[in-house]
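Novice: Take a look and give me a structure for this.
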Amino acid sequence: MDDARTAQVEAVAALAEPTRRRLYEHVVRQAGPVSRDDVASAMGVPRPTTAFHLDRLVADGLLDVHYERRSGRTGPGAGRPAKLYRRAECSVSVSLPERRYDLAGELLAAALAEAEQSGERPAAVLDRRAFRRGSELAADVGEESRDAALRVLEEHGFEPRDDGNGIALANCPFHVLAREHTELVCGMNLRLLEGVLDELPAAGLVARLRPQPGMCCVRLESTDGEPSRGLTAE
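Specialist: Residues are numbered from 1 along each chain as shown. The predicted structure follows:
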């Protein structure tokens with residue numbers, strides 16, 4: 001599990017504590033930032049306990065901190081700015097198995113917007129954008145080995161598995177979309193993975209549409225036609 005996903009899991013786990021979850025829900029329901037005293041008074045929780053939980057929520061990326069002088073006064077004698085809490089701007093989501101509907105939504109929305117401006121077929125724009133996005137995902141790995149390709153796929157939720165004859169992808173990050181809009185989404189997925197492999201030519205793999213029950217619609221095969229010889233994803 002990469003660092004970003006670990007952080008998301010830890011953030012969601014932080015809300016398993018009942019008092020912390022109550023305080024979080026109170027903060028995000030407010031129209032503006034609120035102080036520790038505001039929250040403690042509204043929720044009937046001791047201020048030290050409130051402060052502990054709010055700061056834990058900040059550390060986990062669920063709340064942001066904002067400082068301001070609530071009296072509106074400035075200059076000497078205005079007092080220290082109050083520490084205020086509000087919902088963090090970032091979003092946190094965890095799904096098991098991993099889904100990447102954010103990536104699919106980004107590609108589909110961008111393709112539609114470009115197609116409306118250019119007059120090009122949306123499917124053609126989506127193919128191009130998905131391929132380019134796949135190349136971007138693989139651009140920073142620093143090497144072109146098969147293991148590097150598998151790490152990229154593992155990091156993005158595909159769960160690559162060597163079965164002796166190639167690389168099966170045990171998870172589809174776009175599962176629900178692929179089930180409802182199979183041709184469109186599986187085509188996008190294929191082009192995305194083709195982009196990854198185009199950026200890593202030394203991996204010696206090619207992406208093919210090979211739908212199987214319970215698996216991603218794409219399978220990776222050796223370009224030399226030989227078995228994959230015991231590759232494993234790290």
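
Novice: and the residue nearest to residue 17 when sequence neighbours are not counted, which of the three is it?
Specialist: Leaving aside its chain neighbours, residue 17 sits nearest to residue 53 (7.5 Å; criterion: CB to CB, 6 or more residues apart in numbering). Glycine gets a C-beta too; all of them are placed from N, C-alpha and C. Assigned with DSSP: H, G, I helix; E, B strand; the rest coil, residue 53 falls in the helix class.

Novice: Over to residue 207?
Specialist: strand.

Novice: what residues are up against it?
Specialist: 190, 193, 194, 196, 197, 218, 219, 220 (CB atoms under 8 Å, 6 or more residues apart in numbering).

Novice: neighbours around the residue nearest to residue 17, how many?
Specialist: Residue 53 has 23 neighbours, counted by other CB atoms under 10 Å.

Novice: related to what we said a few turns ago, which one of the contacts of residue 207 is nearest to residue 67?
Specialist: Among those, residue 196 lies closest to residue 67 (CB to CB), at 43.4 Å.

Novice: so the host helix or strand of that closest one versus strand 205-209, what angle?
Specialist: Per DSSP states H and E, residue 196 falls inside helix 182-199. Compare the direction of helix 182-199 with that of strand 205-209 by axes from the mean of the first three to the mean of the last three CA atoms, to 10 degrees and you get 170 degrees.

Novice: roughly how far is the one helix or strand in the chain whose mean pLDDT sits lowest from the heart of the chain?
Specialist: Least confident helix or strand, the chain: helix 3-14 with a mean of 74, by mean pLDDT, DSSP states H and E. Helix 3-14 sits 11 Å away from the centroid of its parent chain (CA atoms, centre = their mean, to the nearest Å).

Novice: which of the residues in that helix are buried?
Specialist: Using 16 or more other CB atoms under 10 Å as the test for burial, helix 3-14 gives 8, 11, 14.

Novice: continuing past that helix, what's the next helix or strand?
Specialist: Per DSSP H and E, the first helix or strand lying C-terminal to helix 3-14 is helix 18-29.

Novice: by contact count, what packs against that following helix?
Specialist: The contact analysis (3 or more CB pairs under 8 Å, 6 or more residues apart in numbering; DSSP states H and E) places helix 18-29 against helix 36-43, helix 47-59, strand 82-87.

Novice: and of these, who's closest to residue 26?
Specialist: Closest to residue 26 of these is helix 36-43 (CB to CB; 5.7 Å).

Novice: mind listing what residue 222 touches?
Specialist: Contact analysis of residue 222 by CB under 8 Å, 6+ apart lists 166, 204, 205, 206, 228.

Novice: Neighbour count and distance to residue 128 for those - can I get that in CSV?
Specialist: Below are the contacts of residue 222 laid out as CSV (neighbours: other CB atoms under 10 Å; distance: CB to CB, whole Å):
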residue, neighbour count, distance to residue 128
166, 19, 26
204, 18, 25
205, 25, 21
206, 15, 19
228, 19, 29
